[in-house]
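Colleague: no sequence on hand, only this structure:
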């Protein structure tokens, strides 16, 4: 029984981390686009 609970927590943790990776990647792209826009406006 304990092994099943630990496996469930491990699975939930992996899924949560995968979701965070996508969120951070999207935020990085947004920041990059904002930086490019600022750079173009300065030129």
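Modeller: Yep, that arrived. These figures come from a predicted structure and were not determined experimentally. Numbering: from 1, shown residues only.
Colleague: which sections of this protein are below the confidence cut-off?
Modeller: For the chain, the stretches with pLDDT under 70 are 19-22, 24, 43.
Colleague: show me where it has its helices.
Modeller: Read by DSSP state H, the chain holds these helices, from start to end of the chain: 2-42.
Colleague: count of residues packed around residue 11?
Modeller: The burial metric for residue 11, expressed as a neighbour count using other Cβ atoms under 10 Å, is 10. Every C-beta, even on glycine, is put in place using the N, C-alpha and C of the backbone.
Colleague: oh sorry, the question was meant for residue 28
Modeller: Residue crowding around residue 28 was assessed by other Cβ under 10 Å; the count is 10.
Colleague: residues contacting it?
Modeller: If a contact means Cβ atoms under 8 Å, 6 or more residues apart in numbering, then residue 28 has no contacts.
Colleague: can we start the residue count at 24 from this point?
Modeller: Okay, using 24 as the starting number, the last item reads as residue 51.
Colleague: and it, how far from residue 26?
Modeller: According to Cβ to Cβ, to the nearest Å, residue 51 stands 37 Å off from residue 26.
Colleague: cool, residue 55 as well?
Modeller: Counting by Cβ to Cβ, the gap from residue 55 to residue 26 is 43 Å.
Colleague: again with residue 36
Modeller: 15 Å.
Colleague: ok now stretch 36-56, how far from the chain's centre?
Modeller: Offset of stretch 36-56 from its chain centre (Cα atoms, centre = their mean, to the nearest Å): 2 Å.
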